[in-house]
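S.K.: What shape does this take:
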Amino acid sequence: MILFPISTDAPIYHRPIGTIALIVANVAVFALTASDLHEAVDQYGLHHGAGFTPVEWVTSNFIHGGFIHLLGNMVFLWGFGLIVEGKVGTLNFLGIYLGIGVTECLLEQAIFVHSPGISFGASAIIFGLMSISLIWAPQNELSVFYWLFFRFVGVFDLSVVAFAALKMLMSGLIIIIFLMIGFPPGGELLHLMGAGIGAVVGFVYLKAKLVDCEGWDILTVISGKTPTSEKYLSQSYQEAMRRRANASKAKRKRSVDLNKKLDRSKPSPARFTQLLDENKANAAFAELERIRHHKPEWTPTQEQLISLARGLRTASNMRDAVKAYLDFIELNSEFTLAKLELAEIFVFVQERPSAALRLLEQCEVDSFSDKQKKRHQQATLHAQSMINDGIIEIDFQS
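M.R.: Model (predicted):
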């Protein structure tokens, strides 16, 4: 299971300039070293058993051993950098980021002074930022991207405290398992060292009143003394709350006004359109099924069908997405991008390589963008590989 934080609802008072700059710097270093990662790690990584090497305390934090290593760290940096930099500003954030990295590397070389080895990457710093976010904004939520069993993808909301506890628990369990089978705990121990340093930084800033947590820091939450009135919150936070409340109120009023015009006892094309406009694909599909049962002569527009199909796909409702795609293709067989999208579901989700190939062969590849051509190529190769591996496809109607 893969979990990546991608955004947060925590109050943000500063733009993430430093976060973006660090992501750019890490990506640039990786691009410059990708041709010979082994040499880059050997030259700029943090060497154990070599005494204290202050230059490596900085350089090792910007070296990554591969694209997946880099991608994971940068996504986490974005998620937690938004919270930390958003509360203290760019200069403070850069100082915290580098300070965690340097301190962790110093302690690492001191602990492993007699042990050979080498470490690199920004993971320890990321865990430090996660600890700080846990201390400063435990009950705020992260929008988390998930990829489960390399098949199911989507986004859900999870509190900072729950996400941090889950990640640290996973690291702790990995350490225990490694120790039980006689292996060194490896990078997970370094991650928790970074988390510990971040916790110290978070509490120091909190106690020194160098950060405004609006009375929702972890100490206040634990004590049960969180603010119960807007007067305890900063002016900027009050304004943000009022904007969100007014927008929510207006949206509810529009929805209520429209619902009053609809007879909810009967299926309604107007309600189907409303649900589709509100990005409620599953509810829209259910309403469409009801309409078809009572009014079989009515059909959505082509634009509504493709929007519905893509919405169901985004919601991971692949079974109903297939039905919507087939309905759309029946009306508009020349829109080959829809055939590509449906073929991807067949080959990557439903394991129907023959059905996927039939659609892929109908695609006008010359009309695709470079990215779409690459998707077409990947789906074709994967479907052919599945057939070569002897996957038996049950041909069923979706």
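S.K.: Dihedrals phi and psi, residue 157?
M.R.: The phi/psi pair for residue 157 (degrees, to the nearest 10) reads phi -100, psi 140.
S.K.: Also residue 332?
M.R.: phi -140, psi 80.
S.K.: Please name the nearest non-neighbouring residue to it.
M.R.: residue 302 (5.2 Å; C-beta to C-beta, 6 or more residues apart in numbering). C-betas here are computed from N, CA, C, even on glycine.
S.K.: Okay, residue 321 and residue 305: tell me how far apart.
M.R.: Separation of residue 321 from residue 305 (C-beta to C-beta, to the nearest Å): 11 Å.
S.K.: what residues are shared contacts of these two?
M.R.: With contacts defined as C-beta atoms under 8 Å, 6 or more residues apart in numbering, no residue is adjacent to both residue 321 and residue 305.
S.K.: What ranges in the chain fall below the confidence cut-off?
M.R.: 1, 149-151, 185-186, 226-245, 247-248, 251-265, 391-398 (pLDDT under 70).
S.K.: so which strand or helix has the residue positioned nearest the centre of the chain?
M.R.: Nearest to the geometric centre of the chain sits residue 145, at 3.2 Å (C-alpha atoms, centre = their mean). Under the criterion of DSSP states H and E, residue 145 resides in strand 141-148.
S.K.: for that strand, packing partners?
M.R.: strand 2-8, strand 152-159, helix 160-180 (3 or more C-beta pairs under 8 Å, 6 or more residues apart in numbering; DSSP states H and E).
S.K.: Is it possible to get TSV of the ones you listed that adds distance to residue 25?
M.R.: Output for the helices and strands packed on strand 141-148, formatted as TSV (distance: least, C-beta to C-beta, whole Å):
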stretch	distance to residue 25
strand 2-8	20
strand 152-159	27
helix 160-180	24
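S.K.: closest to residue 104 out of these?
M.R.: helix 160-180 (14.3 Å; C-beta to C-beta).
S.K.: Following the chain onward from the closest one, which element is next?
M.R.: helix 187-207.
S.K.: and that next one, what does it pack onto?
M.R.: helix 90-111, helix 123-136, helix 160-180.
S.K.: what's the most buried one of those helices?
M.R.: helix 123-136 (a mean of 27; mean count of other C-beta atoms under 10 Å).
S.K.: circling back: using CSV, lay out the helices and strands packed on helix 187-207 together with distance to residue 356.
M.R.: CSV is the format used below for the helices and strands packed on helix 187-207 (distance: least, C-beta to C-beta, whole Å):
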stretch, distance to residue 356
helix 90-111, 45
helix 123-136, 38
helix 160-180, 35
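S.K.: quick one, which of the ones you listed is nearest to residue 225?
M.R.: The nearest among these, by C-beta to C-beta, is helix 123-136 at 15.9 Å.
S.K.: For the closest one, name the packing helices and strands.
M.R.: helix 67-88, helix 90-111, helix 160-180, helix 187-207, helix 218-223.
S.K.: now it against strand 2-8, angle please.
M.R.: 50 degrees (axes from the mean of the first three to the mean of the last three C-alpha atoms, to 10 degrees).
S.K.: Kindly format the C-alpha coordinates of helix 123-136 as CSV.
M.R.: This file holds the C-alpha atoms of helix 123-136, laid out as CSV (Å, rounded to 0.1, in the frame of the first residue of the first chain):
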residue,chain,number,x,y,z
SER,A,123,13.7,10.9,4.3
ALA,A,124,15.0,11.8,7.8
ILE,A,125,14.2,15.5,7.2
ILE,A,126,10.7,14.5,5.9
PHE,A,127,10.0,12.5,9.1
GLY,A,128,11.2,15.6,11.1
LEU,A,129,8.7,17.8,9.2
MET,A,130,6.0,15.2,9.8
SER,A,131,6.7,15.4,13.6
ILE,A,132,6.5,19.2,13.5
SER,A,133,3.2,19.0,11.6
LEU,A,134,1.9,16.5,14.2
ILE,A,135,2.8,19.0,17.0
TRP,A,136,1.5,22.1,15.4
